[in-house]
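In: What follows is a predicted protein model with its sequence.
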Amino acid sequence: MDELRRQLRQSAAAHRPDRERMLARVERGMSAQGKPAPRRSVRPSLRIAGAAAAAAGVLVAGGYGMSVLLHEHSRGAPTQAVAPARTVPPSRSSPPAPSTSPRGVRTEDGPLWSDGSVDPHSNDFWAQSNVTLKTTQPLTSLAVELRVARTEGVRPAGAWRTLPARDFVLTTKAEDGFLVYRWTLKGGRTVPAGSHVFAGQYHHARGGRDATADGYAATARSGDEQVAVRGDFAPRID
């Protein structure tokens, strides 16, 4: 027994005790005395190491999951492709609008003939400008523009045409120093062969008015042919 105590004291005094060696010595000493060897238990260090390993596994698994989530987040949601907008070509059923100011005179083109004149019933305060069109063939589209220079006192007083009013769209407005009347044939309507008049009426300052700066233009379609005419107005003769 004394030998056993001595060995235990020597083991405790060691700088780094070896638990396994100490237990082995105790077992040997007790066996020599005929006593059962004490039951070994799992070392606390092993339990701590196991817990640490388990915790590390959880951290590794959690870290992997977080890494996957962050990776997916950084990629962002898929972007949906947007189809390019379709550009609808303009309808060719109507002719382009006449130019804003007729240049030169061209009173005939294909089946279309034209003339501009100040109506003889005009007076010292009021006037009417007539655009006469003659066509030898039916027209499937037509746009007529009358431009009256805005001399002193000029303002609109009405408009008319010999063709049915329901077949045309009429606009009247001031534009670039002119009083402008525009007649546009509606889609699906036809102008028959013959002579047709488009008239714009307006007030003006007292006295005879000079119509030299006035003008007209018309564009039309006959079958597959696009035609255009333009002209001016002779000065009013008192």
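Out: Yep, that arrived. Given the structure is predicted, the values throughout are model-derived calculations rather than measurements. Numbers count the residues shown, from 1 in each chain.
In: Please count neighbours and contacts with C-alpha atoms only from this point.
Out: Noted.
In: just checking, next helix/strand downstream of the one helix or strand in the chain whose mean pLDDT sits lowest?
Out: Using mean pLDDT, DSSP states H and E, helix 44-75 stands out as the lowest-scoring helix or strand of the chain, at a mean of 40. Going down the chain from helix 44-75, the next helix or strand is strand 108-109, by DSSP states H and E.
In: per-domain residue ranges of this structure.
Out: Domain ranges of the chain: 2-66, 108-232, per automatic domain parsing.
In: end-to-end on the last one?
Out: Spelled out, that is domain 108-232. Across domain 108-232, the terminal residues are separated by 13 Å (CA to CA, to the nearest Å).
In: and it, what's its mean pLDDT?
Out: Per-residue pLDDT over domain 108-232 has a mean of 96.
In: could you pull out the strands for this protein?
Out: For the chain, strands defined by DSSP state E occupy the ranges 108-109, 112-118, 126-135, 141-149, 155-161, 168-175, 178-185, 194-203, 215-222, 225-232.
In: For residue 209, which of these is the nearest?
Out: strand 126-135 (8.5 Å; CA to CA).
In: So what touches the closest one?
Out: 111-119, 121-122, 146, 192-204, 216 (CA atoms under 8 Å, 6 or more residues apart in numbering).
In: Look up the closest residue to residue 149, ignoring the ones flanking it.
Out: residue 178 (4.5 Å; CA to CA, 6 or more residues apart in numbering).
In: so how far is residue 185 from that neighbour?
Out: Residue 178 sits 22 Å away from residue 185, going by CA to CA.
In: ditto for residue 113
Out: 18 Å.
In: ok, residue 174 touching residue 180?
Out: Yes: Residue 174 is within contact range of residue 180, at 6.0 Å (criterion: CA atoms under 8 Å).
In: who's more crowded, the two?
Out: Set residue 174 next to residue 180 and count neighbours by other CA atoms under 10 Å: residue 180 wins out with 22 against 15.
In: who touches the more buried one in this structure?
Out: Neighbours of residue 180 in contact, by CA under 8 Å, 6+ apart: 145-148, 171-174.
In: Residue 107 too?
Out: Residue 107 is in contact with 113-115, 229-231, counting by CA under 8 Å, 6+ apart.
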